[in-house]
Structure formats: C-alpha cells, structure tokens
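K.L.:
A predicted structure for the sequence below; I have some questions about it.
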Amino acid sequence: MMFENEIEKEKRKLFENGTTKSALDIVLDKLSKDLFGRSRTGSLEKQICVICGGNAKKFRDKKSEKEYLESAMCQQCQNNAFRVK
Ligand SMILES: [Zn+2]
C-alpha cells in the first residue's frame, strides 16, 4: 500500500500520452499476450498481474515494486519466478 503512489506515478508516465509505447513495450505486449492472454501494459494499467491476473497492488519492497513495473508480475508470481521466500 505504501508503494501505491509510486506505481501510480509510473503508470501516469506510461499512459498519460496514450501513444508512448516503445517498440519494446509493443514486443513485450505481444509476447505476454501470446503467453498469458493479456498484455503487459494492459496489466500495468489495471494494476493486475500479467501471469495470474490477480491484483498487483502490494509489494514487499521497492525492488519488487520496480520489478512489477518491468515485468507486470505480482509479488507472488515474482516469488515463484525468482524462488524467493
Ligand atoms: Zn501473479
């Protein structure tokens, strides 16, 4: 919860202009759509997890929060992916 403002700020940066998707964003969106059925930026916009589709609003620390902005993975999926406890 304490990280929500930061995420909101990043989201605004990503979406305020509407058409600010980089080529990388577009590639990652396509990849995640193929893999998980939803786009990365779409998940960021709704603040859900690109993998499990669950809420992605609470993160353990700054690092996890930053990771979400990169990968759009919720804390739990990050834990699974990186095998942290
Ligand atoms: Zn998840």
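P.N.:
Ah, there it is.
K.L.:
residue closest to the middle of this structure?
P.N.:
When Cα atoms, centre = their mean is applied to the chain, the residue found nearest the centroid is residue 72 (2.0 Å).
K.L.:
in three-state terms, label the closest residue to it other than its chain neighbours for me.
P.N.:
Of all residues beyond its chain neighbours, the one nearest residue 72 is residue 50 (3.8 Å), with distances taken as Cβ to Cβ, 6 or more residues apart in numbering. C-betas here are computed from N, CA, C, even on glycine. Secondary structure state of residue 50, per DSSP: H, G, I helix; E, B strand; the rest coil, is coil.
K.L.:
isn't residue 50 up against residue 68?
P.N.:
No: with contacts counted by Cβ atoms under 8 Å, residue 50 stays clear of residue 68, the gap being 9.4 Å.
K.L.:
does residue 78 really touch residue 70, like I thought?
P.N.:
No: with contact defined as Cβ under 8 Å, residue 78 does not reach residue 70; the gap is 10.2 Å.
K.L.:
okay, the two: which has more neighbours?
P.N.:
Using other Cβ atoms under 10 Å as the criterion, residue 78 and residue 70 rank with residue 78 on top: 21 against 10.
K.L.:
which residues of this structure lie near the ion?
P.N.:
49, 51-52, 74, 77 (Cβ under 5 Å from the ion).
K.L.:
from the contact counts, what lies against the worst-scoring helix or strand of the chain on mean pLDDT?
P.N.:
One helix or strand of the chain scores below all others by mean pLDDT, DSSP states H and E: helix 4-15, with a mean of 74. Helix 4-15 sits against helix 40-46, helix 62-71, with contacts defined as 3 or more Cβ pairs under 8 Å, 6 or more residues apart in numbering; DSSP states H and E.
K.L.:
can you list these in a markdown table and add mean pLDDT and distance to residue 25?
P.N.:
Formatted as a markdown table, the helices and strands packed on helix 4-15 follow (pLDDT from 0 to 100; distance: least, Cβ to Cβ, whole Å):
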| stretch | mean pLDDT | distance to residue 25 |
| --- | --- | --- |
| helix 40-46 | 94 | 6 |
| helix 62-71 | 94 | 11 |
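K.L.:
turn those into JSON lines, including distance to residue 9.
P.N.:
Formatted as JSON lines, the helices and strands packed on helix 4-15 follow (distance: least, Cβ to Cβ, whole Å):
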{"stretch": "helix 40-46", "distance to residue 9": "12"}
{"stretch": "helix 62-71", "distance to residue 9": "10"}
